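In: quick one, what's the 3D model for this:
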Amino acid sequence: MDSSTIDEETRYRLIKRIESNPEISQRELAAELGVSLGKVNYCLKALITMGWVKVGNFTRSNSKLGYAYVVTPAGLHEKAHITARFLKKKRMQYELLKEEIEKLESEVKQDDTR
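Out: Next up is the predicted model:
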């Protein structure tokens, strides 16, 4: 199991959520990311195997044992790279969408003049 089996957006979103809320449950992650609990479990195992996330136990206030996820320095480094690639991809999508909107607006103007 390695990170290449997880799409980059899911890796980014998981690392970002874990970084902001280390005590988040897998069920909460699944709900927030809109993916199955099984996928979150699989992805977390991959991130742990890659050394990007560590897991530890903590005691919740209701006396149940839970887990805390910690993004490692290697995970933070990977997050920075993913963020840069993610931003580049989103900018490209934005530019394509902007061009498409301009073409559609031009078509509407032409149709209005007829």
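
In: what comes up buried for stretch 66-73?
Out: Y69, V71, T72 (16 or more other CB atoms under 10 Å). All C-beta spots, glycine's among them, are computed from the backbone N, C-alpha and C.

In: from S20, how far out is the most centrally placed residue in the chain?
Out: In the chain, the centroid-proximal residue (CA atoms, centre = their mean) is R13; its distance is 1.6 Å. With the distance defined as CB to CB, to the nearest Å, R13 ends up 11 Å from S20.

In: list the buried residues for the biggest helix by length in the chain?
Out: Looking across the chain with DSSP state H, the single longest helix is helix 73-112. By neighbour count on 16+ other CB under 10 Å, the buried set for helix 73-112 is G75, E78, K79, I82, F86.

In: residue ranges with poor pLDDT in this protein?
Out: The chain contains residues with pLDDT under 70 at 1-5, 58-65.

In: now with 50, please.
Out: 61, 63 (pLDDT under 50).

In: on the three-state scheme, K54 is what?
Out: Three-state assignment for K54 (DSSP: H, G, I helix; E, B strand; the rest coil): strand.

In: which residue packs closest to it, ignoring adjacent ones?
Out: V70 (4.7 Å; CB to CB, 6 or more residues apart in numbering).

In: got the angle for the helix or strand where the one you found lies vs helix 73-112?
Out: Following DSSP states H and E, one finds V70 within strand 65-71. Angle between the axes of strand 65-71 and helix 73-112 is 70 degrees (criterion: axes from the mean of the first three to the mean of the last three CA atoms, to 10 degrees).

In: what helix or strand does the residue nearest to the centre of the chain sit in?
Out: Counting by DSSP H and E, R13 is part of helix 8-20.

In: can you list contacts of that helix?
Out: 3, 24, 29, 32-33, 35, 39-40, 43-44, 47, 52-53, 69-71, 75-76, 78-79, 82-83, 85-86 (CB atoms under 8 Å, 6 or more residues apart in numbering).

In: next up, the contacts around the residue nearest to K54.
Out: Counted by CB under 8 Å, 6+ apart, V70 has contacts I18, P22, V53, K54, V55, G56.

In: can we see that at 10 Å?
Out: Counting by CB atoms under 10 Å, 6 or more residues apart in numbering, V70 makes contact with I18, E19, P22, V53, K54, V55, G56.
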